[in-house]
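# Structural data only, the sequence is not supplied:
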């Protein structure tokens, strides 16, 4: 049996600043229904607003990361939740200022693929597959798969996956730049945790600002993206008090080996 509805999304926080969100309907391969989507959206909003949290790790329990929308509840989701941004988990992931590390195993199908694309960094276990079955099922993508995937792996490969519905292995996904790290199944969460711990060692405000400028820049032309970066950097340094700038110089100087920065 699947867990009670209140446990379909598990959220835990570590004292270090790392939070975990786990999709928890393992007997349904973490298929998404409206209560699950609502709780997932709430989890991202809550963690985004929590100043003690710096990084979020998203994973699925059992044999799959996420098998997509639960087709027994598809009409309710597609005709309602798809327009309601408050219960739209993908929209809340896009609005989340904190870096999201996806730990994907088994398979990420259709809406599950879109959840994976909502992450900033992906770790996948060997043998994992990603599937875009929208065309096969006769449903339209509404959470970014038609736009995001082509930016990452290129339009021709994205078209092939969309039109044919053939699976993309994690091994091929790593070669195409979709998967950051490919690991043995038993090392999946260890690697995701390792990445999260590397992130929290850095300046929190800069990490959050860096995520925003990268993601905002992806929506612009290169020229406009460069102008965006220049403007934000100029404002950042102009508003920095002299004392803070002096401490920054001391910090950087203390991390130098020869003429190189660490």
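In hand now; what should we look at? Please read these numbers as outputs of a predicted model, since none were measured by experiment. Numbering: from 1, shown residues only.
# In the stretch 101-250 of the chain, mark out all the strands, start to finish.
Applying DSSP state E, counting those that start in this stretch to the stretch 101-250 of the chain gives strands spanning 107-109, 121-125, 129-131, 168-169, 181-183.
# what's the closest of the ones you listed to residue 244?
For these, proximity to residue 244 was assessed by CB to CB; strand 121-125 is nearest, at 29.2 Å. All C-beta spots, glycine's among them, are computed from the backbone N, C-alpha and C.
# what is the mean pLDDT for the closest one?
The average pLDDT within strand 121-125 is 98.
# so how far is that strand from its chain's centroid?
10 Å (CA atoms, centre = their mean, to the nearest Å).
# how close does residue 129 get to residue 109?
For residue 129, the distance to residue 109 equals 8 Å [CB to CB, to the nearest Å].
# Which of these two has more residues huddled nearby?
residue 109 (26 against 20; other CB atoms under 10 Å).
# partner residues bridging that one?
For residue 109, the beta-bridge partners under DSSP bridges are residue 131.
# Quick one: closest of the strands of the stretch 101-250 of the chain to residue 252.
Residue 252 sits nearest to strand 121-125 of all those, at 25.4 Å, using CB to CB.
# Now the residue nearest to the spatial centre of the chain. Nearest residue, chain neighbours left out?
Nearest to the geometric centre of the chain sits residue 119, at 1.0 Å (CA atoms, centre = their mean). Ranked by CB to CB, 6 or more residues apart in numbering and with sequence neighbours excluded, the top spatial neighbour of residue 119 is residue 102, at 3.2 Å.
# tally of neighbours for that neighbour?
Neighbourhood size, residue 102 [other CB under 10 Å]: 25.
# Report the contact partners of it.
Residues near residue 102 by CB atoms under 8 Å, 6 or more residues apart in numbering: 57, 58, 59, 65, 115, 116, 118, 119, 121, 122, 123, 192.
# what bits of the stretch 1-150 of the chain have low per-residue confidence?
1-6, 72-86 (pLDDT under 70).
# Give me the number of neighbouring residues for residue 95.
By other CB under 10 Å, neighbour count at residue 95 equals 13.
# residues contacting the residue nearest to the centre of the chain?
By CB under 8 Å, 6+ apart, the residues touching residue 119 are 58, 93, 100, 101, 102.
# Phi, psi for it please.
phi -80, psi 160 (degrees, to the nearest 10).
# And it, how far from residue 151?
Distance of residue 119 to residue 151, computed by CB to CB: 14 Å.
# Domain boundaries for this structure, per the record?
Domain ranges of the chain: 5-200, 220-261, per automatic domain parsing.
# mind checking which of these is nearest residue 211?
Ranking the domains of the chain by proximity to residue 211 (CB to CB) places domain 5-200 first, at 5.6 Å.
# from the chain's centre, how far out does the closest one sit?
With CA atoms, centre = their mean, you get 7 Å for domain 5-200.
# same question, stretch 212-230
19 Å.
# What mean pLDDT does that stretch get?
Averaged over stretch 212-230, pLDDT sits at 93.
# Residues touching that stretch, excluding its own?
Identification of contacts with stretch 212-230 by CB under 8 Å, 6+ apart yields 94, 97, 151, 232.
# which non-adjacent residue is nearest residue 37?
In space, residue 37 comes closest to residue 89 once its chain neighbours are excluded; the distance is 5.2 Å by CB to CB, 6+ apart.
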